[in-house]
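Participant: sequence and predicted structure are below.
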Amino acid sequence: MLNPDLNTIQLTQDDYERYSRHLILPEVGVEGQKRLKAANVLCIGTGGLGSPLLLYLAAAGVGRIGIVDFDVVDTSNLQRQVIHSTSTVGKPKIESAKTRILEINPYCQIDLYNTNISSANALEIMAPYDIIVDGTDNFPTRYLVNDACVLLNKPNVYGSIFRFEGQATVFNYEGGPNYRDLYPEPPPPGLVPSCAEGGVLGILPGIIGLIQATETVKIILGQGNTLSGRLLLYDALKMTFRELKLRPNPVRPVIDKLIDYEMFCGIPQQKANDMEAQQAIAEISVTELKSIIDGGASDYLIIDVRNPNEWEIGKIPNTVLVPLPEIENGNGVQKVKDLLGDKKLIAHCKMGGRSMKALGILKQAGIDGINVTGGINAWSEQVDPTVPKY
(Lines give C-alpha, C1' and ligand atoms only; values in the text may rest on other atoms or scores of the structure.)
Protein backbone atom coordinates (compact mmCIF):
# COMPACT_ATOMS: atom_id res chain seq x y z
CA MET A 1 0.00 0.00 0.00
CA LEU A 2 1.40 3.40 -0.95
CA ASN A 3 -0.68 4.86 1.89
CA PRO A 4 -0.38 2.23 4.64
CA ASP A 5 -1.79 2.50 8.15
CA LEU A 6 1.46 3.47 9.84
CA ASN A 7 -0.01 2.82 13.29
CA THR A 8 0.21 -0.90 12.50
CA ILE A 9 3.90 -0.71 11.52
CA GLN A 10 6.48 -0.86 14.28
CA LEU A 11 10.22 -0.32 14.00
CA THR A 12 12.39 -2.66 16.05
CA GLN A 13 15.54 -1.78 17.91
CA ASP A 14 17.51 -3.28 15.04
CA ASP A 15 15.55 -1.11 12.60
CA TYR A 16 16.53 2.04 14.48
CA GLU A 17 20.18 1.05 14.37
CA ARG A 18 20.16 -0.29 10.81
CA TYR A 19 18.37 2.70 9.28
CA SER A 20 19.81 5.44 11.49
CA ARG A 21 21.12 7.44 8.53
CA HIS A 22 17.60 7.43 7.06
CA LEU A 23 15.95 8.31 10.34
CA ILE A 24 17.94 11.51 10.76
CA LEU A 25 16.84 12.73 7.32
CA PRO A 26 13.78 14.97 7.80
CA GLU A 27 12.42 13.74 4.44
CA VAL A 28 12.47 10.15 5.72
CA GLY A 29 12.39 9.98 9.51
CA VAL A 30 10.42 7.36 11.42
CA GLU A 31 7.33 7.78 9.24
CA GLY A 32 9.28 7.30 6.02
CA GLN A 33 11.06 4.24 7.31
CA LYS A 34 7.73 2.75 8.30
CA ARG A 35 6.51 3.40 4.75
CA LEU A 36 9.51 1.52 3.40
CA LYS A 37 8.90 -1.36 5.78
CA ALA A 38 5.26 -1.56 4.71
CA ALA A 39 6.04 -1.34 0.98
CA ASN A 40 5.69 -4.19 -1.52
CA VAL A 41 7.83 -3.99 -4.67
CA LEU A 42 8.00 -6.43 -7.56
CA CYS A 43 11.16 -6.56 -9.66
CA ILE A 44 10.86 -8.30 -13.01
CA GLY A 45 14.31 -9.57 -13.93
CA THR A 46 17.48 -10.14 -11.89
CA GLY A 47 19.94 -9.19 -14.60
CA GLY A 48 22.01 -6.06 -15.04
CA LEU A 49 19.25 -3.68 -13.92
CA GLY A 50 17.62 -5.92 -11.33
CA SER A 51 20.89 -6.68 -9.55
CA PRO A 52 21.73 -3.23 -8.15
CA LEU A 53 18.15 -2.12 -7.58
CA LEU A 54 17.31 -5.25 -5.59
CA LEU A 55 20.39 -4.81 -3.41
CA TYR A 56 19.58 -1.19 -2.63
CA LEU A 57 15.86 -1.67 -2.14
CA ALA A 58 16.61 -4.37 0.40
CA ALA A 59 19.28 -2.24 2.06
CA ALA A 60 16.84 0.68 2.22
CA GLY A 61 14.38 -1.42 4.20
CA VAL A 62 11.65 -2.28 1.70
CA GLY A 63 9.68 -4.87 3.64
CA ARG A 64 8.55 -7.17 0.85
CA ILE A 65 10.25 -7.75 -2.50
CA GLY A 66 9.02 -10.04 -5.25
CA ILE A 67 11.43 -11.32 -7.90
CA VAL A 68 10.42 -12.74 -11.29
CA ASP A 69 13.01 -14.59 -13.38
CA PHE A 70 13.39 -18.04 -14.92
CA ASP A 71 17.05 -17.90 -15.95
CA VAL A 72 20.15 -19.40 -14.34
CA VAL A 73 23.40 -17.62 -13.52
CA ASP A 74 26.03 -17.77 -16.26
CA THR A 75 29.66 -16.73 -16.00
CA SER A 76 29.07 -14.07 -18.67
CA ASN A 77 26.49 -12.44 -16.35
CA LEU A 78 29.01 -11.61 -13.65
CA GLN A 79 30.53 -8.67 -15.54
CA ARG A 80 27.43 -6.61 -14.72
CA GLN A 81 24.93 -8.64 -12.67
CA VAL A 82 26.51 -7.91 -9.31
CA ILE A 83 23.89 -9.62 -7.16
CA HIS A 84 25.22 -12.98 -8.40
CA SER A 85 28.64 -14.54 -7.82
CA THR A 86 30.97 -17.19 -9.12
CA SER A 87 29.69 -19.61 -6.49
CA THR A 88 26.12 -19.35 -7.85
CA VAL A 89 26.92 -20.02 -11.52
CA GLY A 90 24.43 -22.61 -12.80
CA LYS A 91 21.89 -21.87 -10.06
CA PRO A 92 18.52 -20.14 -10.59
CA LYS A 93 18.97 -16.38 -10.56
CA ILE A 94 16.08 -15.87 -8.15
CA GLU A 95 17.71 -18.18 -5.59
CA SER A 96 21.08 -16.49 -6.04
CA ALA A 97 19.45 -13.07 -5.61
CA LYS A 98 17.51 -14.11 -2.52
CA THR A 99 20.64 -15.42 -0.81
CA ARG A 100 22.50 -12.16 -1.43
CA ILE A 101 19.56 -9.97 -0.39
CA LEU A 102 19.14 -11.79 2.91
CA GLU A 103 22.84 -11.32 3.62
CA ILE A 104 22.21 -7.59 3.41
CA ASN A 105 18.82 -7.51 5.12
CA PRO A 106 17.59 -10.71 6.80
CA TYR A 107 14.30 -9.02 7.72
CA CYS A 108 13.16 -8.52 4.12
CA GLN A 109 10.41 -10.84 2.88
CA ILE A 110 11.41 -12.28 -0.50
CA ASP A 111 8.80 -13.77 -2.84
CA LEU A 112 10.19 -15.83 -5.72
CA TYR A 113 8.53 -16.47 -9.07
CA ASN A 114 10.66 -18.88 -11.09
CA THR A 115 8.69 -18.34 -14.28
CA ASN A 116 8.55 -16.42 -17.51
CA ILE A 117 6.04 -13.63 -16.95
CA SER A 118 3.30 -13.77 -19.56
CA SER A 119 -0.20 -12.59 -20.37
CA ALA A 120 -1.50 -15.66 -18.56
CA ASN A 121 0.16 -14.93 -15.19
CA ALA A 122 1.17 -11.24 -15.15
CA LEU A 123 -1.91 -9.81 -13.46
CA GLU A 124 -1.91 -12.47 -10.75
CA ILE A 125 1.80 -12.04 -10.02
CA MET A 126 1.74 -8.23 -10.05
CA ALA A 127 -1.51 -7.64 -8.16
CA PRO A 128 -0.13 -7.90 -4.57
CA TYR A 129 2.57 -5.27 -5.09
CA ASP A 130 2.54 -1.48 -4.80
CA ILE A 131 5.21 -0.73 -7.40
CA ILE A 132 6.49 -2.69 -10.40
CA VAL A 133 10.12 -2.25 -11.47
CA ASP A 134 10.90 -3.30 -15.03
CA GLY A 135 14.37 -4.81 -15.30
CA THR A 136 13.67 -6.72 -18.52
CA ASP A 137 15.63 -6.69 -21.76
CA ASN A 138 13.11 -7.39 -24.52
CA PHE A 139 10.23 -5.54 -26.13
CA PRO A 140 7.42 -8.09 -25.70
CA THR A 141 7.92 -8.19 -21.93
CA ARG A 142 8.19 -4.40 -21.67
CA TYR A 143 4.86 -3.95 -23.41
CA LEU A 144 3.34 -6.69 -21.25
CA VAL A 145 4.59 -5.11 -18.01
CA ASN A 146 3.35 -1.70 -19.12
CA ASP A 147 -0.12 -2.88 -20.05
CA ALA A 148 -0.51 -4.91 -16.86
CA CYS A 149 0.53 -1.87 -14.80
CA VAL A 150 -2.09 0.23 -16.61
CA LEU A 151 -4.80 -2.36 -15.96
CA LEU A 152 -3.80 -2.67 -12.28
CA ASN A 153 -3.13 1.07 -11.88
CA LYS A 154 0.40 0.57 -10.58
CA PRO A 155 3.55 2.67 -11.13
CA ASN A 156 6.03 1.17 -13.58
CA VAL A 157 9.63 2.15 -12.84
CA TYR A 158 11.36 1.65 -16.17
CA GLY A 159 14.98 1.37 -17.27
CA SER A 160 16.83 0.08 -20.32
CA ILE A 161 20.46 -0.16 -21.43
CA PHE A 162 22.52 -0.76 -24.55
CA ARG A 163 26.27 -0.60 -25.05
CA PHE A 164 27.21 2.72 -23.35
CA GLU A 165 23.77 4.33 -23.11
CA GLY A 166 20.79 3.96 -20.82
CA GLN A 167 17.42 5.52 -20.10
CA ALA A 168 15.04 5.63 -17.17
CA THR A 169 11.61 7.03 -16.33
CA VAL A 170 8.46 6.30 -14.32
CA PHE A 171 5.39 5.22 -16.25
CA ASN A 172 1.73 5.17 -15.27
CA TYR A 173 2.14 7.33 -12.18
CA GLU A 174 -0.14 10.15 -11.08
CA GLY A 175 -1.71 10.53 -14.51
CA GLY A 176 1.61 10.49 -16.32
CA PRO A 177 2.47 8.74 -19.60
CA ASN A 178 3.01 5.03 -20.05
CA TYR A 179 5.41 3.03 -22.20
CA ARG A 180 3.13 3.18 -25.24
CA ASP A 181 3.36 6.99 -25.21
CA LEU A 182 7.12 6.66 -25.68
CA TYR A 183 7.00 3.70 -28.06
CA PRO A 184 3.57 3.39 -29.71
CA GLU A 185 4.86 0.60 -31.94
CA PRO A 186 7.68 -1.92 -31.35
CA PRO A 187 10.73 -1.80 -33.62
CA PRO A 188 11.07 -4.50 -36.29
CA PRO A 189 12.37 -7.77 -34.78
CA GLY A 190 16.14 -7.97 -34.86
CA LEU A 191 16.65 -4.24 -35.43
CA VAL A 192 17.94 -3.66 -31.89
CA PRO A 193 20.71 -6.16 -31.04
CA SER A 194 20.70 -7.87 -27.67
CA CYS A 195 23.48 -7.29 -25.16
CA ALA A 196 24.87 -10.68 -26.17
CA GLU A 197 25.34 -9.36 -29.72
CA GLY A 198 25.90 -5.64 -29.16
CA GLY A 199 27.66 -5.73 -25.80
CA VAL A 200 27.18 -3.51 -22.76
CA LEU A 201 29.52 -1.65 -20.42
CA GLY A 202 29.26 -3.59 -17.17
CA ILE A 203 28.95 -0.46 -15.03
CA LEU A 204 26.09 1.00 -17.09
CA PRO A 205 23.22 -1.11 -15.67
CA GLY A 206 24.47 -0.26 -12.18
CA ILE A 207 23.86 3.43 -12.85
CA ILE A 208 20.45 2.96 -14.47
CA GLY A 209 19.39 0.33 -11.91
CA LEU A 210 20.25 2.69 -9.06
CA ILE A 211 18.20 5.43 -10.68
CA GLN A 212 15.29 2.98 -10.76
CA ALA A 213 15.86 2.16 -7.10
CA THR A 214 15.94 5.86 -6.24
CA GLU A 215 12.65 6.50 -8.05
CA THR A 216 11.07 3.54 -6.30
CA VAL A 217 12.08 4.80 -2.86
CA LYS A 218 10.87 8.32 -3.68
CA ILE A 219 7.46 6.97 -4.70
CA ILE A 220 7.22 5.01 -1.44
CA LEU A 221 8.22 8.03 0.63
CA GLY A 222 6.12 10.48 -1.37
CA GLN A 223 9.14 12.78 -1.61
CA GLY A 224 10.74 14.77 -4.39
CA ASN A 225 9.92 14.93 -8.09
CA THR A 226 9.85 11.59 -9.85
CA LEU A 227 10.79 10.99 -13.47
CA SER A 228 7.11 10.68 -14.44
CA GLY A 229 6.75 12.72 -17.62
CA ARG A 230 10.52 12.88 -18.06
CA LEU A 231 12.80 10.45 -19.88
CA LEU A 232 16.35 10.56 -18.50
CA LEU A 233 19.00 9.67 -21.09
CA TYR A 234 22.50 8.76 -19.95
CA ASP A 235 25.65 8.49 -22.11
CA ALA A 236 28.51 6.87 -20.21
CA LEU A 237 31.18 7.71 -22.79
CA LYS A 238 30.33 11.40 -22.76
CA MET A 239 29.29 11.30 -19.08
CA THR A 240 26.19 13.34 -19.86
CA PHE A 241 22.58 13.23 -18.76
CA ARG A 242 19.83 14.62 -20.97
CA GLU A 243 16.12 14.87 -20.33
CA LEU A 244 13.19 14.62 -22.70
CA LYS A 245 9.63 15.59 -21.82
CA LEU A 246 6.99 12.87 -22.13
CA ARG A 247 3.26 13.46 -22.29
CA PRO A 248 0.30 11.11 -22.52
CA ASN A 249 -0.93 10.68 -26.07
CA PRO A 250 -4.62 11.73 -26.07
CA VAL A 251 -5.41 9.42 -28.99
CA ARG A 252 -3.48 6.35 -27.88
CA PRO A 253 -5.40 3.05 -27.99
CA VAL A 254 -7.21 2.09 -24.81
CA ILE A 255 -5.52 -0.74 -22.91
CA ASP A 256 -8.34 -2.98 -21.72
CA LYS A 257 -6.74 -6.43 -21.81
CA LEU A 258 -3.46 -8.25 -22.16
CA ILE A 259 -2.64 -9.53 -25.63
CA ASP A 260 -0.15 -11.83 -27.35
CA TYR A 261 2.95 -9.64 -27.07
CA GLU A 262 5.19 -11.94 -29.07
CA MET A 263 2.73 -11.56 -31.94
CA PHE A 264 2.43 -7.81 -31.34
CA CYS A 265 6.20 -7.43 -31.65
CA GLY A 266 6.34 -9.62 -34.77
CA ILE A 267 8.39 -12.38 -33.17
CA PRO A 268 6.51 -15.39 -34.64
CA GLN A 269 6.63 -13.90 -38.14
CA GLN A 270 10.34 -13.16 -37.74
CA LYS A 271 10.95 -16.74 -36.59
CA ALA A 272 9.00 -18.04 -39.58
CA ASN A 273 11.03 -15.81 -41.90
CA ASP A 274 14.25 -16.95 -40.27
CA MET A 275 13.23 -20.58 -40.63
CA GLU A 276 12.38 -20.05 -44.28
CA ALA A 277 15.72 -18.36 -44.81
CA GLN A 278 17.53 -21.19 -43.01
CA GLN A 279 15.82 -23.76 -45.19
CA ALA A 280 17.09 -21.92 -48.24
CA ILE A 281 20.67 -21.78 -46.91
CA ALA A 282 22.78 -24.91 -46.41
CA GLU A 283 24.45 -25.48 -43.05
CA ILE A 284 27.41 -27.45 -41.78
CA SER A 285 28.61 -28.31 -38.27
CA VAL A 286 31.88 -27.08 -36.78
CA THR A 287 33.31 -30.60 -37.02
CA GLU A 288 32.56 -30.60 -40.75
CA LEU A 289 34.20 -27.18 -41.00
CA LYS A 290 37.29 -28.56 -39.24
CA SER A 291 37.55 -31.34 -41.84
CA ILE A 292 37.43 -28.75 -44.62
CA ILE A 293 40.12 -26.64 -42.94
CA ASP A 294 42.30 -29.68 -42.22
CA GLY A 295 42.06 -30.47 -45.94
CA GLY A 296 43.51 -27.07 -46.79
CA ALA A 297 40.20 -25.34 -47.58
CA SER A 298 41.57 -24.53 -51.05
CA ASP A 299 38.10 -24.72 -52.60
CA TYR A 300 36.47 -22.50 -49.96
CA LEU A 301 36.32 -18.90 -48.83
CA ILE A 302 35.51 -18.87 -45.11
CA ILE A 303 34.32 -15.49 -43.80
CA ASP A 304 33.75 -14.34 -40.22
CA VAL A 305 31.00 -11.71 -40.05
CA ARG A 306 31.58 -10.70 -36.42
CA ASN A 307 32.84 -7.27 -35.40
CA PRO A 308 36.62 -6.56 -35.39
CA ASN A 309 36.77 -6.48 -31.57
CA GLU A 310 35.21 -9.97 -31.46
CA TRP A 311 37.74 -11.14 -34.03
CA GLU A 312 40.48 -10.08 -31.61
CA ILE A 313 39.02 -12.34 -28.89
CA GLY A 314 39.55 -15.45 -31.00
CA LYS A 315 39.25 -16.69 -34.54
CA ILE A 316 38.89 -19.87 -36.57
CA PRO A 317 41.90 -20.62 -38.81
CA ASN A 318 41.75 -19.84 -42.54
CA THR A 319 38.99 -17.24 -42.10
CA VAL A 320 38.64 -13.73 -43.48
CA LEU A 321 36.92 -10.97 -41.50
CA VAL A 322 33.99 -9.34 -43.33
CA PRO A 323 31.79 -7.72 -40.62
CA LEU A 324 28.02 -7.90 -41.03
CA PRO A 325 27.61 -4.08 -41.03
CA GLU A 326 29.86 -3.93 -44.11
CA ILE A 327 27.75 -6.58 -45.83
CA GLU A 328 24.61 -4.66 -44.93
CA ASN A 329 25.93 -1.41 -46.43
CA GLY A 330 27.05 -3.17 -49.61
CA ASN A 331 30.82 -2.75 -49.27
CA GLY A 332 31.18 -6.23 -47.80
CA VAL A 333 29.15 -7.76 -50.63
CA GLN A 334 31.62 -6.45 -53.16
CA LYS A 335 34.54 -7.59 -50.98
CA VAL A 336 33.14 -11.13 -50.87
CA LYS A 337 32.64 -11.10 -54.66
CA ASP A 338 36.24 -9.99 -55.16
CA LEU A 339 37.61 -12.69 -52.83
CA LEU A 340 35.30 -15.52 -53.84
CA GLY A 341 36.20 -16.23 -57.44
CA ASP A 342 35.15 -19.80 -58.19
CA LYS A 343 35.35 -20.91 -54.55
CA LYS A 344 32.48 -22.01 -52.32
CA LEU A 345 31.47 -19.61 -49.55
CA ILE A 346 31.21 -20.52 -45.85
CA ALA A 347 30.21 -17.96 -43.20
CA HIS A 348 30.21 -17.99 -39.42
CA CYS A 349 29.70 -15.61 -36.49
CA LYS A 350 29.44 -16.04 -32.73
CA MET A 351 26.44 -18.39 -32.65
CA GLY A 352 25.13 -18.58 -36.21
CA GLY A 353 22.46 -15.89 -36.35
CA ARG A 354 24.40 -13.01 -37.85
CA SER A 355 26.11 -15.23 -40.41
CA MET A 356 22.71 -16.53 -41.49
CA LYS A 357 21.56 -12.93 -41.93
CA ALA A 358 24.72 -12.10 -43.90
CA LEU A 359 24.22 -15.09 -46.18
CA GLY A 360 20.64 -13.98 -46.81
CA ILE A 361 21.89 -10.60 -48.00
CA LEU A 362 24.59 -12.22 -50.12
CA LYS A 363 22.05 -14.62 -51.62
CA GLN A 364 19.99 -11.64 -52.81
CA ALA A 365 23.19 -10.44 -54.52
CA GLY A 366 23.52 -13.78 -56.29
CA ILE A 367 26.06 -15.36 -53.93
CA ASP A 368 25.16 -18.69 -52.34
CA GLY A 369 26.87 -19.77 -49.17
CA ILE A 370 26.92 -22.25 -46.31
CA ASN A 371 26.30 -21.31 -42.68
CA VAL A 372 28.24 -22.75 -39.74
CA THR A 373 25.78 -23.96 -37.10
CA GLY A 374 26.62 -22.64 -33.64
CA GLY A 375 29.39 -20.35 -34.87
CA ILE A 376 32.69 -19.89 -33.09
CA ASN A 377 31.13 -20.72 -29.72
CA ALA A 378 30.38 -24.22 -31.02
CA TRP A 379 33.93 -24.36 -32.41
CA SER A 380 35.25 -23.58 -28.93
CA GLU A 381 33.02 -26.23 -27.33
CA GLN A 382 33.49 -29.03 -29.86
CA VAL A 383 36.77 -28.44 -31.70
CA ASP A 384 39.26 -26.13 -30.02
CA PRO A 385 38.70 -25.16 -26.36
CA THR A 386 41.69 -22.81 -26.48
CA VAL A 387 39.51 -20.38 -28.47
CA PRO A 388 37.83 -18.20 -25.82
CA LYS A 389 34.09 -18.55 -25.50
CA TYR A 390 32.40 -15.22 -24.75
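Facilitator: Structure's in. What do you need? Numbers count the residues shown, from 1 in each chain.

Participant: check the offset of the top helix by length along the chain from the chain's centre.
Facilitator: Determined from DSSP state H, the single longest helix within the chain is helix 204-221. In terms of CA atoms, centre = their mean, to the nearest Å, the centre of helix 204-221 is found 17 Å from the chain centre.

Participant: so what are the sheet partners of the helix or strand just after it and their directions?
Facilitator: Helices and strands here follow DSSP states H and E; after helix 204-221, the next one along the chain is strand 230-235. Strand 230-235 sits in its sheet next to strand 165-171 (antiparallel), strand 240-245 (antiparallel), going by DSSP bridges.

Participant: deepest in the core, which of those is it.
Facilitator: The highest mean neighbour count among the strands paired with strand 230-235, using mean count of other CB atoms under 10 Å, belongs to strand 165-171: a mean of 24. Where C-beta positions appear, they are placed from N, C-alpha and C, glycine not excepted.

Participant: kindly calculate the angle that it makes with helix 204-221.
Facilitator: Using axes from the mean of the first three to the mean of the last three CA atoms, to 10 degrees, one finds that strand 165-171 and helix 204-221 are set 20 degrees apart in direction.

Participant: starting at the chain centroid, how far to strand 165-171?
Facilitator: In terms of CA atoms, centre = their mean, the centre of strand 165-171 is found 13 Å from the chain centre.

Participant: contacts for it next, please.
Facilitator: For strand 165-171, contacts defined as CB atoms under 8 Å, 6 or more residues apart in numbering pick out 146, 149, 155-160, 176-179, 182, 204-205, 207-208, 211-212, 215, 219, 226-228, 230-236, 246.

Participant: helices or strands next to the helix or strand just after it in the packing?
Facilitator: For strand 165-171, the succeeding helix or strand toward the C-terminus, using DSSP H and E, is helix 179-182. Under the contact criterion of 3 or more CB pairs under 8 Å, 6 or more residues apart in numbering; DSSP states H and E, helix 179-182 touches helix 139-152.

Participant: by contact count, what packs against the helix it packs on?
Facilitator: With contacts taken as 3+ CB pairs under 8 Å, 6+ apart, helix 139-152 sits against helix 122-126, strand 131-134, strand 156-162, helix 179-182, helix 261-264.

Participant: which of those sits closest to Val383?
Facilitator: Of all these, strand 156-162 sits nearest to Val383, with 31.9 Å by CB to CB.

Participant: and the closest one with strand 165-171, angle?
Facilitator: Going by the same axes, to 10 degrees, strand 156-162 makes 170 degrees with strand 165-171.

Participant: what lines up beside strand 156-162 in the sheet?
Facilitator: strand 131-134 (parallel), strand 165-171 (antiparallel).

Participant: angle of that strand against helix 139-152?
Facilitator: 170 degrees.

Participant: any idea how far strand 156-162 is from the chain center?
Facilitator: With CA atoms, centre = their mean, you get 9 Å for strand 156-162.

Participant: looking only at pLDDT, what's the mean for it?
Facilitator: Taken as a whole, strand 156-162 has a mean pLDDT of 97.

Participant: out of the helices and strands packed on helix 139-152, flag the one nearest Pro4.
Facilitator: Nearest of the helices and strands packed on helix 139-152 to Pro4, taken as CB to CB: strand 131-134 at 13.0 Å.

Participant: which residues touch the closest one?
Facilitator: 2, 39-45, 50, 53, 126, 141-142, 145-146, 148-149, 154-159, 212-213, 216, 219-220.

Participant: for Ser96, see how far away the nearest residue to Thr86 once chain neighbours are set aside is.
Facilitator: Excluding the flanking residues, the one nearest Thr86 by CB to CB, 6 or more residues apart in numbering is Leu78, at 6.6 Å. Separation of Leu78 from Ser96 (CB to CB, to the nearest Å) stands at 11 Å.

Participant: more neighbours: which of these two?
Facilitator: Comparing Leu78 with Ser96 by neighbour count (other CB atoms under 10 Å), the higher total belongs to Ser96, at 24 against 15.

Participant: quick one: contacts for the residue nearest to the spatial centre of the chain?
Facilitator: Central residue of the chain (CA atoms, centre = their mean): Asp137, 2.5 Å from the mean position. The contact partners of Asp137, by CB under 8 Å, 6+ apart, come to 45, 47-48, 160, 194-195.

Participant: and it, helix, strand or coil?
Facilitator: What DSSP: H, G, I helix; E, B strand; the rest coil gives for Asp137 is coil.

Participant: measure it to Arg21 for me?
Facilitator: Using CB to CB, one obtains 33 Å as the distance from Asp137 to Arg21.

Participant: for stretch 309-321, buried residues please.
Facilitator: Burial within stretch 309-321, assessed by neighbour count using 16 or more other CB atoms under 10 Å, is assigned to 310, 314-316, 318-319, 321.

Participant: quick check: end-to-end length of that stretch?
Facilitator: Its start and end residues considered, stretch 309-321 measures 11 Å (CA to CA, to the nearest Å).

Participant: quick one: low-confidence ranges for this protein?
Facilitator: By pLDDT under 70, the weakly predicted segments of the chain are 1, 190-191, 270-279.

Participant: can I see the domain layout of it?
Facilitator: Domain assignment for the chain, taken from automatic domain parsing, gives 39-270, 282-382.

Participant: can you put the ones you listed in CSV and add distance to Leu11?
Facilitator: Below are the domains of the chain laid out as CSV (distance: least, CB to CB, whole Å):
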stretch, distance to Leu11
domain 39-270, 9
domain 282-382, 51
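
Participant: of those domains, which is nearest Val28?
Facilitator: With CB to CB as the yardstick, what comes closest out of the domains of the chain is domain 39-270 (6.3 Å).

Participant: centre of the chain to that closest one, how far?
Facilitator: With CA atoms, centre = their mean as the basis, domain 39-270 stands 9 Å off its chain's centre.

Participant: about what we covered before: among the contacts of Asp137, which ones are in helices?
Facilitator: Going by DSSP H, the helices hold Cys195 from the contacts of Asp137.

Participant: no further questions, thank you.
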